[in-house]
Structure formats: C-alpha cells, structure tokens
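1. predicted structure and sequence below. I'll ask about it afterward.
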Amino acid sequence: MEKLSLKTKILYGLAGVGDSALFNIMGTFALFFLTTVAGVNPAVAGTITAIGSVWDTVCGAVAGYVSDNAETRFGKRKPFLLAASVPLMVFTSMFFFDLDVGQDAMALYYGVILMLFWTSFSTFFVPYLAWGAELTSNYDERTVLRGYVSFFNAIGTAIGLVFPNILVQIIIDAGYSLETGWQVTGMLCGVISGGTILISAAGIKDKFRSIESYIPEKKTSGKPFRTFVSSLVSMVGNYIQLLKLRTVRYILGASVCYLIGYTIFCSDRMYFFTYNMGLSRSVITLIMMLMTFMNVIFIPIISFVNRWIDKRTTYIVGMLISASGLLAFGIFGITSLAWVCVLSVIYSIGGSVYWQLIPAMIYDVCEVDQLINNRERSGMVISLQSLSEALSGAVAMQLMGMILSFSGFNGELSLQSESALLGTGLSFTVIPSAFMFLSVVCIFIYPVTKKVYQEVLEALENREAGEEVDMSRFRKLK
C-alpha cells in the first residue's frame, strides 16, 4: 500500500499545534482564569465550561455529518479547516478578556464566547481527524501519521500549557496587570493556533474518493424546513446505527473515561501546584515543560513498540502504568518537588499512549463500520472522538466546579482550607487514576486487534471484487 509523503505527514501534523494548543489552554486555564482572574463564582464557572463542552458535543456531531456529505471542488475536509481557522483566532482572544461587570453579565459573556469557540473548534477538529483516516488505511501507517501529529501536539502543548505561565509572568514583571497578561496570552495562542491550521489546510490536497459501495444520502427537494428535518433525522439515524456497534461503544467508552480523568487532572493542576505545593509560577512552568518534553520522548518509543505489539496492547500497558502511579501518589502523598516531577513523568506515559493511539484506533473503526453497515462515513465515525472529548469535558468541568465549591475553595485567598486542599489533591491523583482504570477495562474488551483489522480490509477488498463475504466471522465486531 502506498505510503504518505513526508510533506503530507508534516503538513497534516502541523495542524496538531492548533489542536493541542487550543485544547490545552481551555482545558487547563479556562476554569482557573474564570475563578482567579475574572472572579466568576466557582460553581458558575464550572457550569459555564460544562455547557461549552455540551455544545461542543452537538457541534461535533453536526460537523461529522455535514463534512461526510459535503461536495466542493476543494474536497470534503479542507473547507472546514479553512473556515474555522480565523474564528478560532478571534474567539480564543476574546475569552481571556477580563470584564469589570457583574456576575450575571460575566456568565453571559463567557458562556457565549465559549460556545462560539467550541463551534469553531468542532468545525476544525472533526474534519481534521477524519482527513487522517482518509489519507491512509494502512494499520501501521496510521500509527506513524499519529506520531507526526503527536510531535506537533507537543509543540501545541508547550504553547497552550507552558507558554501562558511564562508570558503572563513576563508581562507582570514588565509592570502590567495580571489581566493584561492573560489578554495578550489568549491573543497570541489564538493567532498561532489558527495560523497553523490555516497553513496545514492550504498545503494538503483533499484527495477524497468516493467508494463504490457507498450508499449516498437521499436528497430531499422542496421547502428548506422539510429538507432540514430530513437531514436531521438522517443524521440521528446514522449516529444511532453507529452506536449499535459494540466496537464503537467500547472505543468511545475508553475515550470518555480517560478524558474525564485527563480534564480533571489538567484543570486541577494549576490549583494543586499553586495552593497544595506552594510553587511559584516559574517552577510550575518548568514542570509543564517537563510534561511536554516527556510527551515528545515517548512518541518514538510508542511507534517502535507498535512494530512488535499492536495498538490495543500498548495502550493497556501504558495506561496501567500511569493509572497505578497516580493511585500510589494519591495514597502515599506528594511531599516534594522531586516527587511532583516523578508523577509528571508517570502521568505522561498514559497521556502519550492515549493521544497517539486512540485516534489511530478510531481510524480503524471506519473500516469496521464500512464492512458491517456498508457505509463510508469516516467524518461521523471520527466525530465520536470529538463527542467523547466534549462529553467528558462537560462531566469533568462540572465535577471540578462542584469539588471547588463544596470543598470551600476561595480564589481570593492565597491560603486555602484543609478541605479545599483535599479536594484539589484528590483531583490531581486518585480521581484521574480511577477513570484511567475504567478506560483500560473498555480497551481490554475492544475487539479490533491488528490481525482483526487486516481481516476486515481483506473482506472489504473481496466485497469490492464482487465476492461473497462471510459476515459470521465478524460477529464480535457488531
């Protein structure tokens, strides 16, 4: 099977900068910014971020369906990346503006901006991931492609995770306010992220080719409202059909479980480092840099391991190491900066295997769906990743808001109560660990191994050649 050119791999991976930078700055700093800079009540801030994530779920589903059925001279996926790049610059910048207004006005402003941000992000993210599935159907090549994405994800992580602390501190040291620091940081992160997405989309040719077995959606003529209703019913029906596949349910469950723990961990670490450990902004930046560096180190290791062990097994082993380490630290405590660094390395193992392998495994589900349901709809399949991120984000951010509120966290205090410190401590270790273990359980019963995937590809080739396919062999995938 033809391999992708180095240029295509690099350009496709480049958009991973925007993906990771935006996801990290919102996942790590949105709640922290709302509660400690903007002064929004923690429970309200948790609700705002949760609603944004729920909205992301809806937008992701629509983006997958629409991009699957798009017919433009630029292809199916490219137009969506081009359309989303500039709005992402704008809405990321606008979110990190501090408003001197009442609580109700702040809730409305940040809620609306966050919904506009997630609309733009879904418009980019779902077609972007789907594009990767269409660039190659080779099992190992998909892991390699995700390796390139993971490398650029690490750069994006530095921009969205490490860079904010550094830049905010530089601006404060220059004599400007904390609020100004966050405004400038949001603007730069938005411009860099949107710019990499724009360059990536412009540089890759969308070579989507319809598969002969594809059954097109029925076109509905008549009034716009009737057309809208028909499309909505078709979209819902397609997603219901997808979710009936146990393969889809298991991979979706694994993704949701990990991402709930991941989002809680990411949104809590600024609280934990600042209040539990009493670390300075510069030290926190070094820890964030360590996490980013370790993510880069693990990329070639994971790719090398996958030459001998399939993605499923690699994921289980890596995630178990990470989950067990977090649980141990939750039980025995974190007593020094050195142990914080050790925990960060252990956690990075789980993060690396997730971001490099789960998207590649979801790519494989596209062919499973095509075999079982005789449909080519990679955008809708890939949108399940966006759905899992949005769903988990909604659950996790609401949980974090509740934990902060119920434990008595007060963003105006430099020293927090024992109950608040307990809440931020558990949210940094035990709670993420529990969700990681649940993710491992889902992948353990996920049925698509490398051998099974090759059998799926052979069956598809035989079907295209006009041969009868024995579907009883694939009962465990249904």
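-> Received the coordinates, thanks. Residues are numbered from 1 along each chain as shown.

2. excluding its backbone neighbours, what's nearest the spatially most central residue of the chain?
-> Residue closest to the mean C-alpha point of the chain, counted by Cα atoms, centre = their mean, is residue 389 at 5.2 Å. In this structure, residue 389 finds its nearest non-sequential neighbour in residue 259, 5.7 Å apart by Cβ to Cβ, 6 or more residues apart in numbering. Every C-beta, even on glycine, is put in place using the N, C-alpha and C of the backbone.

3. tell me the contacts of residue 302?
-> 143, 147, 314, 318, 352, 353, 356, 357 (Cβ atoms under 8 Å, 6 or more residues apart in numbering).

4. now with 7 Å, please.
-> 314, 352, 353, 356 (Cβ atoms under 7 Å, 6 or more residues apart in numbering).

5. which one of those has the most neighbours?
-> Sorting the contacts of residue 302 by how many neighbours each has (other Cβ atoms under 10 Å) puts residue 356 first, at 27 neighbours.

6. so it makes contact with residue 146?
-> Yes - contact status for residue 356 versus residue 146: in contact at 5.0 Å, counting by Cβ atoms under 7 Å.

7. picking that back up, as a markdown table, the contacts of residue 302 with pLDDT and distance to residue 4 would be great.
-> Formatted as a markdown table, those follow (pLDDT from 0 to 100; distance: Cβ to Cβ, whole Å):
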| residue | pLDDT | distance to residue 4 |
| --- | --- | --- |
| 314 | 94 | 21 |
| 352 | 91 | 22 |
| 353 | 93 | 22 |
| 356 | 88 | 16 |
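
8. can you give me the helices in the stretch 51-200 of the chain?
-> 78-95, 103-135, 139-157, 163-173, 178-203 (DSSP state H, counting those that start in this stretch).

9. so where's the chain shaky on pLDDT?
-> Residues of the chain meeting the criterion pLDDT under 70: 1-2, 207-225, 227-228.

10. in it, spot the helix with the most residues.
-> helix 337-373 (DSSP state H).

11. in terms of secondary structure, what does that helix contact?
-> Applying 3 or more Cβ pairs under 7 Å, 6 or more residues apart in numbering; DSSP states H and E, one finds that helix 337-373 makes contact with helix 103-135, helix 139-157, helix 246-271, helix 281-305, helix 311-332, helix 378-406, helix 450-464.

12. of these, which approaches residue 178 most closely?
-> Evaluated over those, closeness to residue 178 peaks at helix 281-305, with 10.5 Å, by Cβ to Cβ.

13. quick one: that closest one to helix 163-173, angle?
-> 160 degrees (axes from the mean of the first three to the mean of the last three Cα atoms, to 10 degrees).

14. begin at 95 from here
-> Got it, the first residue is 95 from now on, which makes the last one we talked about helix 375-399.

15. how far does helix 375-399 sit from the chain's center?
-> Relative to its parent chain, helix 375-399 has a centroid offset of 17 Å by Cα atoms, centre = their mean, to the nearest Å.

16. how about stretch 205-225?
-> That offset, for stretch 205-225, works out to 11 Å (Cα atoms, centre = their mean).

17. again with stretch 408-424
-> Centroid separation for stretch 408-424 versus its chain: 20 Å, with Cα atoms, centre = their mean.

18. contacts for it?
-> The set of residues external to stretch 408-424 that reach it, using Cβ under 7 Å, 6+ apart, is 396, 399-400, 437, 440-441, 443-444, 447, 451, 520, 523-524, 526-527, 530-531, 533-534, 537-538.
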